[in-house]
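Peer 1: Below is the sequence, then the predicted model.
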Amino acid sequence: MIVVTPAAPVHVEEAARVLARAFREDPVMSTFVGGRPDDREARLTHLLRVVVRAGLRHGVVDLARAEGDQAVLGAAVWSGPGRRGGGLLDSLRDAGSYVRAFGVRGLRRASRLEHTLHAARPGEAHWYLAAIGVGSAGRGLGVGSALLASRLGTLDRSGAPTPAYLEASTARSAALYERFGFVVTGQVEGFPASAQPLTMWRAGARDRDLARHGR
């Protein structure tokens, strides 16, 4: 059985490492960090450490483990409604991590790509899935589904009509999100043809109920 619990600051490093392993071959993340394939995981760890810390400050980070085991198998980073920010590269406190992730020459490219993703986000208040990934030890165990079901279930039970939004890196990941009520709404331009993220939207529980009943 997979158990999902909220993360705390003490879990930042482990969550970042798990996400970095999961995203090593991801086309969108690879476009962001660039560099050689053999150092990509290290670069991603620096970037995702910042993402996890931001999730703890402005949203929630969920961790998935096998029941009775403390090893983190997967993680999901959510940013709360109303938190849009100005882009990953606007925080001076994380400047060192960004340089290690992108390299000095890659900072401009990464800033441009982040701005492109930011501009594509809907104006309506929403929960934003900034990152979700499953490490090699958790693959095939339903970890990704458990992470999605846990947080989306919490949102639906809250009674608030807040929707959710994400960008899918691949058709395979988009198919998983569709099983949880997300709908493809478009494609983010400005990325290479092989790495164009799909924008996906999940209406709030109330709106989904109205749509099902044809109202």
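Peer 2: Ah, there it is. Since the model is a prediction, treat every value here as computed from it, not as a measurement.

Peer 1: Helix, strand or coil: sort out the residue most central in space within the chain for me.
Peer 2: The residue lying closest to the centre of the chain (C-alpha atoms, centre = their mean) is Ala131, at 1.5 Å. Secondary structure assignment for Ala131 (DSSP: H, G, I helix; E, B strand; the rest coil): strand.

Peer 1: Then Val61?
Peer 2: strand.

Peer 1: Bridging across strands, which residues link to it?
Peer 2: The partner list for Val61 in beta bridges (DSSP bridges) reads Val77.

Peer 1: That one: what's it in contact with?
Peer 2: 6-7, 11, 15, 52, 55, 75-78 (C-beta atoms under 8 Å, 6 or more residues apart in numbering). All C-beta spots, glycine's among them, are computed from the backbone N, C-alpha and C.

Peer 1: Mind giving me the PyMOL command for buried ones among these?
Peer 2: Command for PyMOL, covering only those of these found buried under the criterion 16 or more other C-beta atoms under 10 Å:
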select buried, resi 7+11+15+52+55+75+76+77+78
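
Peer 1: Now the two most distant members of the contacts of Val61.
Peer 2: His11 and Trp78 (14.7 Å; C-beta to C-beta).

Peer 1: so how far is the lengthiest helix in the chain off the chain centroid?
Peer 2: For the chain, the helix with the greatest residue count under DSSP state H is helix 40-58. Helix 40-58 sits 10 Å away from the centroid of its parent chain (C-alpha atoms, centre = their mean, to the nearest Å).

Peer 1: Mind listing what's buried along it?
Peer 2: 40-41, 43-56, 58.

Peer 1: since we're on Asp39, how many residues are nearby?
Peer 2: 11 (other C-beta atoms under 10 Å).

Peer 1: any idea how far it lies from Gly103?
Peer 2: 10 Å (C-beta to C-beta, to the nearest Å).

Peer 1: burial measure for Ala125, as a count.
Peer 2: What Ala125 shows, counting by other C-beta under 10 Å, is a neighbour count of 15.

Peer 1: How about Glu67?
Peer 2: So Glu67, with other C-beta under 10 Å, has 7 neighbours.

Peer 1: same deal with Ala203?
Peer 2: Ala203: 19 neighbours (other C-beta under 10 Å).

Peer 1: just Gln196 next, same as before
Peer 2: 16.

Peer 1: so how many other residues sit close to the closest residue to it other than its chain neighbours?
Peer 2: Spatial nearest neighbour of Gln196, chain neighbours left out: Gln187 (5.2 Å); criterion: C-beta to C-beta, 6 or more residues apart in numbering. By the criterion of other C-beta under 10 Å, Gln187 has 13 neighbours.

Peer 1: and if you look at Ala175?
Peer 2: 10.

Peer 1: For it, what are phi and psi?
Peer 2: phi -60, psi -40 (degrees, to the nearest 10).

Peer 1: and it, how far is that from Gly159?
Peer 2: 29 Å.

Peer 1: Turn the contacts of Val61 into a markdown table, columns for distance to Leu166.
Peer 2: Shown next, in a markdown table, are the contacts of Val61 (distance: C-beta to C-beta, whole Å):
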| residue | distance to Leu166 |
| --- | --- |
| Pro6 | 19 |
| Ala7 | 19 |
| His11 | 22 |
| Ala15 | 18 |
| Val52 | 16 |
| Gly55 | 13 |
| Ala75 | 15 |
| Ala76 | 10 |
| Val77 | 11 |
| Trp78 | 9 |
